[in-house]
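Chemist: quick one, fold the following:
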Amino acid sequence: MPYWAGDKMISPQPEADLSLNVMILGADVIKILKSSQDYVIAEDLLNKFLFTNKKRSHDLFFDTLTFLYTLGIIREENYKIRLENGSA
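Modeler: Numbers count the residues shown, from 1 in each chain. Reported below is the predicted structural model:
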């Protein structure tokens, strides 16, 4: 269900490449983190993220992590990342 902010719905631009949208990329990061039982080293997560699609960049990776962290979905500790308890 879309999130509504006043009378505007938060959604990607129609001409945007959805494969590079942080909401879609966030789902991919969650899948990677779900496959691990514990924390994932940030560099390993970055490598898996970049390997999936050559259009992805380091900036998109950090934007995606910021998005997930802001929503309370991930936790970072000593350069390791995992899903927050009860997330996803």
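Chemist: sec struct for the residue nearest the centre of the chain, please.
Modeler: Nearest to the mean C-alpha position of the chain, counting by CA atoms, centre = their mean, stands G26 at 2.5 Å. Of the three states, G26 takes helix according to DSSP: H, G, I helix; E, B strand; the rest coil.
Chemist: count of neighbours near I81?
Modeler: 22 (other CB atoms under 10 Å). Glycine gets a C-beta too; all of them are placed from N, C-alpha and C.
Chemist: ok, residues contacting the strand or helix carrying it?
Modeler: Following DSSP states H and E, one finds I81 within strand 80-83. Here strand 80-83 makes contact (CB atoms under 8 Å, 6 or more residues apart in numbering) with 30, 33-34, 36, 38-42, 45, 65, 73-75.
Chemist: with stretch 65-75 instead?
Modeler: 22-23, 26, 29-30, 33, 76, 81-84, 87-88.
Chemist: identify the bridge partners of I81.
Modeler: V40, E76 (DSSP bridges).
Chemist: how much space between it and H58?
Modeler: As judged by CB to CB, to the nearest Å, I81 and H58 stand 15 Å apart.
Chemist: ok, back up a step: hey, C-alpha coordinates of the strand holding I81 in CSV?
Modeler: Output in CSV follows, covering the C-alpha atoms of strand 80-83 (Å, rounded to 0.1, in the frame of the first residue of the first chain):
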residue,chain,number,x,y,z
LYS,A,80,28.4,-5.2,9.8
ILE,A,81,24.8,-5.0,8.8
ARG,A,82,21.8,-7.2,9.7
LEU,A,83,18.0,-7.0,9.6
